[in-house]
Structure formats: C-alpha cells, structure tokens
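structure of the sequence below:
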Amino acid sequence: MAEAIVSFLLEKLGEHFIEGATVEAKFLFGVRDKVEDAKRELRIMMRGFLKDADAKARGGDERVRIWVQEITDAAYDLDDVVATFLRQTYSHVPDHDFVGFGKNIKELVEHLTNPTSGVVSICGMGGLGKTTLAREVYRRSEVKTHFNCFAWVYVSQQFQPKEILEEILFNLLSPSDNRRKEIKAMLNDEVVTKLHQVLQQKKCLVVLDDVWTIEAWDILKAAFSENTKLLITTRIKDVAEHAKKERRGFVCEPQTLTDEESWELLEKKASYLQSIKAINPNNYEEMKKLGKNMLKHCGGLPLAVVVLGGLLSEKQTVDEWGTLHDNVKELINKGEERIDEQVYKGVFAVLGLSYDELPYQLKPCFLHLANFPGDYEINVKELCKLWTAEGFVLNDNEAHKCLMALVHRSMVQVGNRSSIVGRIKTCRMHDLMRDLSLEKARSENFLSLMNFQEAEGSGVSTQVMPTSKIRRLAVHSNKNIVSQLLPLTNNRDGCLRSLICFGPEEDLRYLGDLFKPLFNCFYMLRVLKFENISSFGRTRLFTKEIGRLIHLRFLSLRYYGEYQLPSSMANLRCLQTLDLRGDAVSSKMVVDSMNIVFSKLDQLRHLYLPIFDVAFLDQLRLDNLKNLETLVNFDTSYCKLDDLSMLTKLTKLRILTKKGLGEFKPAFNLQSLDIINYIDDPEESSEMDKVPSLSSCLRIQKLKVNGPFLSRLQENILPPNLVKVTLENTYLKVDPMPILGKLSKLRILVLVSLSYYGKKIVCCKDDFSQLESLSLQRLGRLEEWRVEEGTLSKLCYLEMNHCWGLKSYPHGLKKHHYSQGN
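Residues are numbered from 1 along each chain as shown. From the prediction side, this is the model:
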C-alpha cells in the first residue's frame, strides 16, 4: 500500500509544482521539463523499492512492516503539507460466467412454479454461489411467465425491517416520487398491512437474499400473504429448515464445484486460454496443470475460482502463471490462525493474493469500499465522485475505469445497469471480499470503522474511539450518533480526510449539534457525507466554522429543516460535489447567502439543490458555475433560466417549474433532461407555453417529463436522438404513440400515472423500429391498444401494471415478451 500512496503523491506533487511554476514563475524556461524528469526518476526508484518492501512486510518482517507504515504516514503528512501550502485561504444482470448447478436449477424452478411450495431456500457456505444461483433461477423464462410481479431485496445481518418491506413495495408498485414519500412516512404496521394487501392481489415472487437469523425471518414473514412465493438464500441451515416447516418449503443445498467445473469456470474468466490452446498446445497444457493445482486451494467455491480467474486474466505466460502458483502455495503454507476450516484457508489466500496483485492505483479504490456496510447497494456515480474527491483518480471517468477493472477481477459485483448503455448503476461486495477489504484497510491504517450496529445487534462490544492518527472514518450506527461521535472531536491532530456516516433516518436527526466542533477540529477533511439530518428546533445545521474546511471536495448533507448557508462556505474553493437535497424551510435570506457562496465555487461539478417550500423575491444566480456537469432541482421560481445557457459543460439537468419554461435554451452538451411541473391542478395548465421546442438538442438521450404541460405531443418538441422517454402525470388527451413511434433511436418508453388520459392507443406500422422495452403503468382510462403489423419488431420486454380498463392485449405480442402486473 505504501507503493500506491507514494506513487499517487508523486503524481500530485508534479501537478502542484508545475501549476505553481506556471502561475508564479512562467518566465523560467524549462521548469516543466525539469519537474517531469525529477518526478519520473523518483517514481521509478520509489516504486521498485516500496514494492519490494511491501512484499517483505507481507512476508512477516515486522521491522520492515513498521517502516513501510511510517513511510505511508509520512506520505500522507507530506500531502497535507502540500495541500495546506498551496491553499491557505440489473434489474439483475445475467451472469455469463455461470457454471454448474444444472440439477439445482431444475429443482428450484420446479418448486417455485409448484403451488404446494410456499418458500424455497438455497442454503450453503459463503462464496458457494447462492445469490448467483438464485439470480439464474430468477431470470428463467419458466419463472418469469409463471409470476406477474417480482421483488428482490438484500436482507444482511444489520437489516432494518421497515426498510426491507418498503423496498419490496417499491419493487412491486414502481411508485412515483410522491408515492414513495407517502410509503416512507407510514408507520411500520401500516407498511406491513399495505404490503400484505398488494401481495394478495398479485401472483408474486419475492427474493430475500442473505437472511442470517430465524429472528429476521420471523419479523418479515408477517407481511407475506399465503399466495406469495418466497425464495431465500442463507448460510444458516436452521433458518432454511425453520422457514420450510412454517410454509411448506423446500431446501436446496448446492454442492461445491467439481474439479472439471472449476477449470471450466476459470477458463471463462481467463478467456484468452482458448487462443493459446489453438496456437501453442504445450503452453496451454502447462498452464492447465498449474491452474488445476491452484484450483485445489479454492475448495470448489465459485467466488474463489472467479477471483483466481480474474488474477490469471492479467497474466498470459507460463512464467507468470508459475510465479502466481508459487505465491498461492506460500500463502497457504503460512496460513491464518484465525481460519479454522481448511477450505477457507485456501479461499482467503486466493482473495488476499488478488489484493496483493492489484496495480497500485486500484488498491486505494478497493480499500475505500470497506466504508460501506455489508450487502450495501453502492451508487456507482456517487462512488466515482468520492474516489475523485479523495484524489485516488483525476476525474469520474477514470474512477469508472478503476471500478470496471475491479469488476473484471471479480472483486466487485455488478448490481443494476443503465437501461440505455448498460453502464453499471450500482455495485456491491461479496461478504468475504468485504471482509478482505476491511481487514486490509485496518491493517494498513487506511480506514477506521466504527460499527455500532454490530455492537447492538450481535453482542459484539462497542467499538472504542480510535486514539491513533486516522485518515478516514466510517460510522455505521443504529442509535444516537451524536453522542457516539462527539468524543472524536477530542482528537486534535486534525488529519482526518474523510468522514462517512450510515444510519437510519430517525437516528441522524440532530447531527447539527456535532458540526461546529467537527468543523473546528478537522480542517483537512476532503469528504463529508451525512444524510437524513434534521435541525427543527435545534442548532442551525451550517455554522460559519464550515468555512475552515478549505480542502473539502465532496459535501453531502441531505436534510430537512431551517436552511441557511453561511457566507464562509465561499471559502470551499475546492468543492466538486455539493448535495443538499431535502425539503428545506427557509426565507429570502437563503438566496442572498447562496449567491455569495456560489459566486466563488468555480470548481463545482455536481450540484444537488434542496426543494424549498416558499417562493423568493430574488433570483438564485448560478451562471458562475462554468464547470457544472450535473444540476438537480433547478427551480424556475427562484433560478434564472438564462443562466442555463452559460453552463456549457452541463450534461444532466432536472428542472422544477410552476410557470412553464418559456424560452428555455438547454446547453449544447446536455444528455439527460428531467422536467417536473408541480402545478397542483392539471386544469390550470395552459397550452403550448409550458414546453419549448427541444428538437435542436441533438445530444439529449434521456427525457423525463412529469406534470401537465400540454394536451398533445407535437413533432417539433422532442429531441430527435432520444433513447429513453418517461412520461408521468402529463394528462395527454391525444394518443402520443404516433409521435413517439417516429423516434428512430428510441429503445425504452415508460408511460406511467395518467401520462395519457385517453382510451385508445395505436402503434402504427413500421413505428418503434428500435424499441426494446415498453412500460405501461397506472393508465386507468386505457381501454384499447392496437398494434399494427411491422411495429414493435424488437420488443423484448413489456411491463403492464394497473391498466384496469384494458379489455384485451394486442395480437402478435408473444406472452414471453412481457411481464404483466394487472
């Protein structure tokens, strides 16, 4: 790890000195070249030296280990000094690497589609592939056509019952934003009752992934009606047997992979082996022999096999395979005293080697993932912003490349993908891989974790507040977090760079009491992330001391309550991401202070504004934010539309309006546009002045319109290159399909919640030539849907929910093409 930290510091030192030479001494001929030469020589010497030292430290040389840690700390300290000196003011994605479990799949499909089975469980040790097996069954056509409604939730050890049940409701109902808020506001008993009602009306399959205790099952089961089919994954056999007895169930216990299945899976990960087999059979056979020897240490666990395959995918010669083979053997022989089962000794050795073999720039990215709780669905866009803010990478695109490299090595699992380009939207870590990340992060003093959830829920003693230097702190809490964190402010070394907190909404309400001492102590902070904060009747959330955090790059403080930004926030000149989403109670003073702040934050790239509950006399000015790429909750009641034309780098925009958009002119680079008209009465909406023509916006691919803008779509309104369109509560009175069908690149169309107020829609001949996914939800007045020959030729997914009045489905639509949820 010292190699990774020092290498990145060298890169930044070069940038800082070159920048300084440019600004302060541009007249010095050749300064840039000299700095680059010095940086290159130092990088070569230090990387080789520290890589060897890291290896010796891992080999058990305590003296070298301490020395490496001291170098790492010194590198961090030097970075702090430099910074201070310079600034003094898928649905679930199919698993293409799936191997084995053919018999298990057949059994599981049979029991899931058999009405006599109420709950089906997959039980086995960690890393066996339970979730992968469940996902493979979940996407089978026999299962998709048997049920008309689906939900998948991760339970995990530190689960919150209400959040799990809410997530199931969200899966089943696909609710609007307002409906989501209503569900979130329900009491626990109300959520249970509502979910039970919904499940009684549908033929549903609900997947409960990673259930750890009988108590967890007993808490959740009351919400599920008798006709609901449940698929459970668990490591604990008692959980599976208990559920089986209560709901006429079946328990599937997959076996580990055979030697041949393990080799088949490894070949899929190291796909170049087939080419070597054709070109040089002798080399292939030697690599196969080495590979099978290494696979013996994986114990047939798919997780260990794919991680080993990811390692070998970067090594394409016999010599490289031989070196890795020797390293695995050495780690196995050394072993770990805390690991009792022999199979896990091999697994942890393989997982540990996957970290040791990472390129230096990927190591901090992997260790940073230890911030997140187990089974946490990580938002990839936010993760990339965090890595950029931390300085692991230069920008979000580089961060995404690093994430994809970790995915390629099977060290990170893919969650959901973008519906347009297949880009990863969420990711997560397997429990064993997260254990590795957390262990390495702690041993290398990269991250400290205070997990009060474990302390209260599983009998583990409460974490002691760290007394040594800590650079990053993650807090997982399910109780009063303020009292837990206040002792942290007694640590006056000021070296904390990142503070990230996870906890349920009700436990973070009075976090404002913590911020003043926090801002005073930790002026080196680069990342500060808290959410669900409230300051009603308490200390004002933002105090002037926040202006001391001049190195801050990522600030996320989603909250509800009295709202005012102190003018000292204008000192946060390094800020890249500012997330203030929430419902804010405020006054005209807010705009005054915000204008002062935003006039200085010229490095800001991503801005998420709160939703205010009052109108303002003055306008919020954003035209100075020239580097802005994301702007969410731009409200025309207090923001100037003209400012948008000045934001030339803007790619994502969400507009709130109550008075129309007039002469709105989007930035040229805009790719995603979300327009929300929050007028209370649709009848008050006037014609044609609500939506300007967007036909000249050639780069917009995603368009979402929510609210009553006009009675019919016009050909000259929509951008021509749209790939995804979502219409919600638009109350269109004229069939929109003839206009939408002419969009030659449209792949995804969602019509939801009275987006169309008529009784008949027609998909005309040869229209929708590229449409792959169509969702019709809560179109209560729709009675007739006609599809002419030659249209919807590429449709592969159709979702229909609560279209109660529809009398029949169009001829020619194959049943396996759609998921019906009436």
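
every contact and neighbour count from this point should use C-alpha atoms.
Noted.

which residue ranges form the helices in the stretch 701-822 of the chain?
Using DSSP state H, counting those that start in this stretch, the helices of the stretch 701-822 of the chain run over residues 737-740.

which residues in it form strands?
With DSSP state E, counting those that start in this stretch as the criterion, the stretch 701-822 of the chain has strands at 702-706, 724-728, 748-752, 760-763, 773-777, 784-787, 797-801, 818-821.

and of the ones you listed, who's closest to Leu108?
When these are compared by Cα to Cα, strand 818-821 sits nearest Leu108, at 20.4 Å.

average pLDDT for that closest one?
What strand 818-821 shows for mean pLDDT is 44.

picking that back up, out of the strands of the stretch 701-822 of the chain, which is closest to Glu215?
Taking Cα to Cα, strand 818-821 is the member of the strands of the stretch 701-822 of the chain nearest to Glu215, at 31.4 Å.

remind me which residues of the stretch 451-600 of the chain are low pLDDT?
452-468, 478-494, 503-513, 531-542, 559-564, 583-592 (pLDDT under 70).

mind listing what's buried along stretch 203-219?
Counting neighbours by 16 or more other Cα atoms under 10 Å, one finds that the buried residues in stretch 203-219 are 203-214, 216-217.

cool, stretch 173-188 as well?
Neighbour-count burial for stretch 173-188, counted by 16+ other Cα under 10 Å, picks out 173, 175, 180, 183, 188.

tell me the phi and psi of the last one?
Right, Asn188. The phi and psi values for Asn188, taken as degrees, to the nearest 10, are phi -60, psi -50.

what's the distance between it and Val198?
According to Cα to Cα, to the nearest Å, Asn188 and Val198 sit 16 Å apart.

TSV for the strands of the stretch 701-822 of the chain, including distance to Val307?
Shown next, in TSV, are the strands of the stretch 701-822 of the chain (distance: least, Cα to Cα, whole Å):
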stretch	distance to Val307
strand 702-706	36
strand 724-728	35
strand 748-752	35
strand 760-763	47
strand 773-777	34
strand 784-787	48
strand 797-801	33
strand 818-821	35
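
which of the buried residues of stretch 203-219 fall in strands?
204-209 (DSSP state E).

right, and Leu746 touches Leu774 too?
No - with contacts counted by Cα atoms under 8 Å, Leu746 stays clear of Leu774, the gap being 10.4 Å.

which of the two has more neighbours?
A direct count of neighbours by other Cα atoms under 10 Å for Leu746 and Leu774 places Leu746 higher, at 24 against 19.

and stretch 224-239, end to end?
End-to-end for stretch 224-239, by Cα to Cα: 17 Å.

make 657 the starting number, not 1.
All right, first residue 657 from here; so that's stretch 880-895.

list the buried residues for that stretch?
When burial is assessed from 16+ other Cα under 10 Å, stretch 880-895 yields the following buried residues: 880-881, 883-893, 895.

out of the buried residues of stretch 829-844, the closest to Asn1385 would be?
Of those, the one sitting nearest to Asn1385 (Cα to Cα) turns out to be Pro831, at 12.2 Å.

return the distance of the closest one relative to Lys1389.
Going from Pro831 to Lys1389 by Cα to Cα gives 22 Å.

next one: Trp977
Using Cα to Cα, Trp977 is found at 66 Å from Lys1389.

for Lys1296, same thing?
For Lys1296, the distance to Lys1389 (Cα to Cα) stands at 31 Å.

okay, strands next: where are they in the stretch 1157-1306 of the chain?
Per DSSP E, counting those that start in this stretch, the stretch 1157-1306 of the chain carries strands over the ranges 1183-1190, 1210-1218, 1233-1235, 1239-1241, 1262-1264, 1267-1268, 1286-1291.

returning to that earlier point: closest to Leu1278 among the buried residues of stretch 829-844?
Using Cα to Cα, those come closest to Leu1278 at Arg836, 29.9 Å.

which element is the nearest residue to the closest one once chain neighbours are set aside on?
Nearest residue to Arg836 in three dimensions, chain neighbours excluded: Phe826, at 7.4 Å (Cα to Cα, 6 or more residues apart in numbering). Using DSSP states H and E, Phe826 maps to helix 817-829.

could you say what helices and strands that helix packs with?
If you count contacts as 3 or more Cα pairs under 8 Å, 6 or more residues apart in numbering; DSSP states H and E, helix 817-829 packs onto strand 805-810, helix 833-840, helix 844-857, helix 870-877.

quick check: angle from it to strand 1453-1457?
Helix 817-829 runs at 110 degrees relative to strand 1453-1457, counting by axes from the mean of the first three to the mean of the last three Cα atoms, to 10 degrees.

what mean pLDDT does helix 817-829 have?
Helix 817-829 comes out at a mean pLDDT of 84.

try stretch 1390-1406
Across stretch 1390-1406, the average pLDDT comes to 93.

touching stretch 1003-1015 from outside, list them.
With Cα atoms under 8 Å, 6 or more residues apart in numbering as the test, stretch 1003-1015 has contacts from 953-955, 957, 960, 963-964, 967, 983-984, 987-988, 991, 1019, 1065, 1089, 1092.

how about stretch 1290-1305?
1265, 1271-1279, 1281-1285, 1309-1315, 1317, 1320-1326.

try stretch 1201-1208
Residues from elsewhere that reach stretch 1201-1208, judged by Cα under 8 Å, 6+ apart: 739, 743, 745, 1172, 1175-1176, 1178-1184, 1224-1231.

now with 10 Å?
736, 739-740, 743-745, 1045-1046, 1153-1154, 1171-1184, 1221-1233 (Cα atoms under 10 Å, 6 or more residues apart in numbering).

give me the low-pLDDT residue ranges for the stretch 857-1006 of the chain?
Within the stretch 857-1006 of the chain, the ranges that satisfy pLDDT under 70 run 987-1002.

show me where it has its strands.
Under DSSP E, counting those that start in this stretch, the stretch 857-1006 of the chain gives strands at 860-865, 885-890, 906-908.

first residue to last residue on stretch 968-980, what's the distance there?
Start-to-end span of stretch 968-980 (Cα to Cα) is 8 Å.

thinking again about what came up before, drop anything exposed from the contacts of stretch 1201-1208.
Applying 16+ other Cα under 10 Å to the contacts of stretch 1201-1208, the neighbour count classes 736, 739, 1045-1046, 1153-1154, 1171-1172, 1174-1184, 1221-1233 as buried.

across the sheet, point out what pairs with Ile1034.
Going by DSSP bridges, Ile1034 is paired in beta bridges with Cys1083.

any chance of the strands of the stretch 857-1006 of the chain in a markdown table with distance to Leu921 as columns?
What follows is those, written out as a markdown table (distance: least, Cα to Cα, whole Å):
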| stretch | distance to Leu921 |
| --- | --- |
| strand 860-865 | 23 |
| strand 885-890 | 22 |
| strand 906-908 | 22 |
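
between those strands, which gets nearest to Arg795?
strand 860-865 (11.5 Å).
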